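Undergrad: sequence and predicted structure are below.
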Amino acid sequence: GAVVSQHPSWVICKSGTSVKIECRSLDFQATTMFWYRQFPKQSLMLMATSNEGSKATYEQGVEKDKFLINHASLTLSTLTVTSAHPEDSSFYICSARGGLRGAGSTQDTQYFGPGTRLTVL
Amino acid sequence: AQSVTQLGSHVSVSEGALVLLRCNYSSSVPPYLFWYVQYPNQGLQLLLKYTTGATLVKGINGFEAEFKKSETSFHLTKPSAHMSDAAEYFCAVSSFIGGNEKLTFGTGTRLTIIP
């Protein structure tokens, strides 16, 4: 149980184009989804938190107009990198959590997707 | 504020030897603590977690960790290393900030297994 998928697993695009990454919780309802960015040999940096049906909360320094997040259903969140540039190249990982803290199982643990490697030429 | 410190960015152990990966945390509220493993070019897989109750937590693949409040530690151990344990390991602490849950990760420890 608690499986999270991401699509695509890798993408190469030209500078200036937009790229959409999907994150799906396959066997549980994800009330909250998180988007992280990971640079080579570094830890994960939280970009934003999204609750189903609400606007995402972005971390300081993350451009909300550049990284558009939509969490339209309890099983799907999308991250769109708009007008991508080479410096946006990175490994993007999503995670999903099922509910309120303290309620056990999927509700107090973030389950991570396999990641999407974005390369902008 | 919360933070996680992982001592040792690289740890090497011989196959069959004890694995010990260190993690210390700081948190202003009772923490939820996690260990995740990441294999190359993959996402994070949950190894184990501590929320409440028993302080010795057993996880997958023979790993376990002990929550020691007095030492603010949550070290990860495995009695006998296997070649397949070679990966990056992340310790994380969870708390609520501004109404949202935030998971703060350590910088990671790369575990190498020597045949």
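TA: That came through, no problem.
Undergrad: drop to CA atoms for contacts and neighbour counts, all remaining ones
TA: Fine.
Undergrad: burial count for A:Val81?
TA: 21 (other C-alpha atoms under 10 Å in any protein chain shown).
Undergrad: ok, it touching A:Ser15?
TA: No: counting by C-alpha atoms under 8 Å, A:Val81 stays clear of A:Ser15, with 11.0 Å between them.
Undergrad: going by proximity to chain B, name the top residue of chain A.
TA: Closest residue of chain A to chain B, C-alpha to the nearest C-alpha: A:Pro114 (3.8 Å).
Undergrad: what's the burial count for that residue?
TA: A:Pro114, neighbours per other C-alpha under 10 Å, totals 26.
Undergrad: equivalent analysis for the one 3 residues further on, please.
TA: A:Arg117 sits with 21 neighbouring residues when counted by other C-alpha under 10 Å.
Undergrad: can you classify it as helix, strand or coil?
TA: Secondary structure assignment for A:Arg117 (DSSP: H, G, I helix; E, B strand; the rest coil): strand.
Undergrad: distance of A:Ala84 relative to A:Tyr111?
TA: Counting by C-alpha to C-alpha, to the nearest Å, the gap from A:Ala84 to A:Tyr111 is 27 Å.
Undergrad: look at these two and report which has more neighbours.
TA: The neighbour comparison of A:Ala84 against A:Tyr111 (other C-alpha under 10 Å) goes to A:Tyr111, with 26 against 22.
Undergrad: let me see the ranges of the strands in chain B.
TA: Using DSSP state E, the strands assigned to chain B run over residues B:3-5, B:10-14, B:19-21, B:24-26, B:32-38, B:44-50, B:56-58, B:64-68, B:73-78, B:87-97, B:100-105, B:109-114.
Undergrad: and chain A, by the same measure?
TA: According to DSSP E, chain A carries its strands in the segments A:4-7, A:10-13, A:19-25, A:32-38, A:44-51, A:57-58, A:67-73, A:76-81, A:90-97, A:111-112, A:116-120.
Undergrad: check contacts around residue 95.
TA: Picking chain A for this. Contacts were defined as C-alpha atoms under 8 Å, 6 or more residues apart in numbering or on different chains; by that measure A:Ser95 touches A:Val4, A:Cys23, A:Met33, A:Phe34, A:Trp35, A:Gln110, A:Tyr111, A:Phe112, A:Gly113.
Undergrad: oops, wrong one, chain B.
TA: B:Gln2, B:Ser27, B:Val29, B:Pro31, B:Tyr32, B:Glu101, B:Lys102, B:Leu103.
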